[in-house]
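Visitor: Turn this into a structure:
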Amino acid sequence: MKATDRQEGGDHYTSLPIQPFEYSYKNKLDPLQHTVVKYITRFREKNGIEDLKKAKHTIDILIQLEYGE
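Guide: Reported below is the predicted structural model:
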């Protein structure tokens, strides 16, 4: 079995047509962009509003680092 065919600690990614890491890798996203994709992708299957708040917080960090706001 390939490493990309399994998931440690759940199945909220393996049931998807494309996993967040694969999308991020192919689109050359930086770690903060990947984190947003990850939280947005899994929120319904994992942590609900907590994941949406984490995504929002990560976007706020990205704005601060990119634009100094």
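
Visitor: any idea how far residue 3 is from residue 43?
Guide: To residue 3, residue 43 is 24 Å away according to CB to CB, to the nearest Å. In short, each C-beta sits where N, CA and C put it, glycine included.

Visitor: neighbour-wise, which of these two wins?
Guide: Neighbours of residue 43 and residue 3, each counted by other CB atoms under 10 Å, are more numerous for residue 43; the result is 18 against 7.

Visitor: how about that one, what does it touch?
Guide: By CB atoms under 8 Å, 6 or more residues apart in numbering, the residues touching residue 43 are 49, 51, 52, 55.

Visitor: remind me which residues of this structure are low pLDDT?
Guide: 4-5, 7, 9-12 (pLDDT under 70).

Visitor: mind redoing it with 90?
Guide: Per-residue confidence for the chain (pLDDT under 90) gives these ranges: 1-19, 21, 45, 69.

Visitor: can you pull out the helices in it?
Guide: With helices called from DSSP state H, the chain shows them at 20-26, 31-42, 49-67.

Visitor: Many thanks, have a good one.
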